[in-house]
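Chemist: quick one, what's the 3D model for this:
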Amino acid sequence: MTVKCGGGPDHAIDTTIQALLQSLSSRAPPKRPSMPKWNLNIVLRALCNPPFEPLAETDALHRSYKTAFLVAWGTASRVSELHALCMDGDHLKWGKDGAWVDLTAGMEFMAKNQRAQHPPRRFRLQALEQRNPEGGAELLCPVRALRTYLDLTKATRGEQTRLFLRLKGSNQAGASLQTLARWLRETVRICYEVEAPQLMADVDGCHAHELRAVAASLAVAHHKPVKDVMKAAFWRNESCFSTFYLKDMAKFQSGSPTGLSTFAAGYSLDI
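Modeler: Predicted coordinates:
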């Protein structure tokens, strides 16, 4: 090993160390973004058709599934955050003419990475009806879905303040965290059954948590600032997002536009 005049080893010209570093680099190359496990276009197309539409006329199960999916998709929230959303007092606020809705978790909830001095997490969903009125944008509008869901559960909600209600039993209790995670997985599965039954194997092992990753990755693929997407999804560390959550959305960005508009990770997007 060569030694500098200052007494320390000169790693820059030591061939043994250079060879070792090159070996380690080749064994552990930088991780490239992985492809989503499910096809976004298949899911969004299916959500615009039966059994999810007409939303006000479909059954409570599919209406609950679609609403939970669009809220989770629009906020890029964790399932625990979705579970903690409430509708009493200031936890739910509607914008003028239904242009937006603000959702806030209950005061007792503390999100991952949230410090005690931070205010409760607040999410804003924007309406899509005016963005693409001729393209059926309202069918994927989270504000419309939530408004319809709340209107049709009002009579049986009683004193329950949790945003989402469980489907079974006469007692209208709030849906559990595990139930909401299952709703998100089932939404993707049903969309494939309707739109692409020959590809059902693609959704094996689908996790609710991936919805958050795909929503944020789609926003980044549409050139939204990474720091703003991270703030919306409450990621504190950019390296954590890029290493574990960033998905390769090139497959869904190529070719002709679908004509669909969606609200994902805090952004209105045309895809």
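
Chemist: tell me where the stretch 51-200 of the chain has strands.
Modeler: 85-86, 92-94, 100-105, 122-126 (DSSP state E, counting those that start in this stretch).

Chemist: contacts only, for residue 233.
Modeler: For residue 233, the contact set (C-beta atoms under 8 Å, 6 or more residues apart in numbering) comprises 75-77, 212, 215-216, 241, 265-266. C-betas here are computed from N, CA, C, even on glycine.

Chemist: hmm, 10 Å instead?
Modeler: For residue 233, the contact set (C-beta atoms under 10 Å, 6 or more residues apart in numbering) comprises 75-78, 81, 123, 212-213, 215-216, 219, 241, 245, 265-266.

Chemist: name the nearest of those residues relative to residue 129.
Modeler: residue 266 (17.9 Å; C-beta to C-beta).

Chemist: next one: phi and psi at the closest one?
Modeler: Recorded main-chain torsions at residue 266 are phi 90, psi 10, according to degrees, to the nearest 10.

Chemist: now do the one 4 residues further on
Modeler: As for residue 270, its main-chain torsions (degrees, to the nearest 10) stand at phi -100, psi 130.

Chemist: from residue 129, how far off is it?
Modeler: 14 Å (C-beta to C-beta, to the nearest Å).

Chemist: between those two, which one's more packed in?
Modeler: residue 129 (17 against 14; other C-beta atoms under 10 Å).

Chemist: pLDDT at the residue lying closest to the more buried one once chain neighbours are set aside, what is it?
Modeler: Of all residues not flanking residue 129 in the chain, residue 138 sits nearest, at 4.6 Å (C-beta to C-beta, 6 or more residues apart in numbering). Note on residue 138: pLDDT of 89.

Chemist: number of nearby residues for residue 138?
Modeler: By other C-beta under 10 Å, neighbour count at residue 138 equals 19.
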